[in-house]
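*Asks:* Attaching a predicted model along with its sequence, questions to come.
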Amino acid sequence: MSDKSVQKKQYIIEKAREVFVEKGFKEVTMKDIVEACDISRGGLYLYFQNTEELFEDVLKLEQEDADDVFGQNISEEATPSDILALFLKEQKKELLSKKPSLNVAIYEYFFKHKVSAKDNLLKKQFDGAVYVIEKLIQAGIQSGEFYCEDPRGAARNIMYVLEGLKIASQTRGIPETAVDREILYVMQGLIADE
């Protein structure tokens, strides 16, 4: 793909993200994307065959952006507890953000598409986060910062708590005090006794 084509595809993905944030997943049509991008229908179909394919690229971009933001904020001398605290801080920011997000569209997409475990992007992201948190916990155990008999179970638990908070924030709203309480509970469960 030429540089111009790569830029055009990126532009389409970014504009599509705005449409998915506004309308969710199930209400979006290719016509909506054409109008948002101000391109021809044929121009859109050069890059994407349907809204599912386009949405999957939006999700990949979203994950890359999140990884970049997180990675840029980690200093070289950061300890495992510093990194975990930063991760949880970023999650809190997302949970409390009033800025429209893709969360509703993501849930609509995965409820509509019973994707196999092998192909499920949400599952891959969840499992990837569990893996990284588990490694952080293990590093924290080795450095004496954390105490945990089951790092994988603790990492999974952290991700389930965050997923539950995300759903709560989208469906009924959640106060900052509740988010802080859950994050504190997670961290207290890992802190090694002095």
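*Replies:* Structure's in. What do you need?

*Asks:* quick one: residue 155 and residue 54, what's the gap?
*Replies:* 32 Å (Cβ to Cβ, to the nearest Å). To be clear about C-beta, it is placed using only N, CA and C from the backbone, and glycine gets the same treatment.

*Asks:* Helix or strand with the lowest mean pLDDT in this structure?
*Replies:* Least confident helix or strand, the chain: helix 51-72 with a mean of 79, by mean pLDDT, DSSP states H and E.

*Asks:* which is the next helix or strand following that helix?
*Replies:* helix 80-96 (DSSP states H and E).

*Asks:* and that next one, what other elements does it pack with?
*Replies:* helix 51-72, helix 121-143, helix 151-171, helix 176-188 (3 or more Cβ pairs under 8 Å, 6 or more residues apart in numbering; DSSP states H and E).

*Asks:* out of those, which comes closest to residue 113?
*Replies:* Across the helices and strands packed on helix 80-96, residue 113 has its closest neighbour in helix 51-72 (6.9 Å, Cβ to Cβ).

*Asks:* give the contact list for the residue most central in space within the chain.
*Replies:* Nearest residue to the geometric centre of the chain (Cα atoms, centre = their mean): residue 63, 5.6 Å. Contact analysis of residue 63 by Cβ atoms under 8 Å, 6 or more residues apart in numbering lists residue 125.

*Asks:* could you measure it against residue 126, distance?
*Replies:* Taken as Cβ to Cβ, the span from residue 63 to residue 126 is 11 Å.

*Asks:* which residues do these two both contact?
*Replies:* Contacts common to residue 63 and residue 126, judged by Cβ under 8 Å, 6+ apart, are absent.

*Asks:* In TSV: the helices and strands packed on helix 80-96, plus distance to residue 88.
*Replies:* Output for these, formatted as TSV (distance: least, Cβ to Cβ, whole Å):
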stretch	distance to residue 88
helix 51-72	11
helix 121-143	10
helix 151-171	8
helix 176-188	5
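
*Asks:* which stretch in these is the model least sure about?
*Replies:* Ranked on mean pLDDT, the bottom entry among the helices and strands packed on helix 80-96 is helix 51-72, at a mean of 79.

*Asks:* Compare the helices and strands packed on helix 80-96 and give me the one nearest residue 78.
*Replies:* helix 121-143 (10.2 Å).
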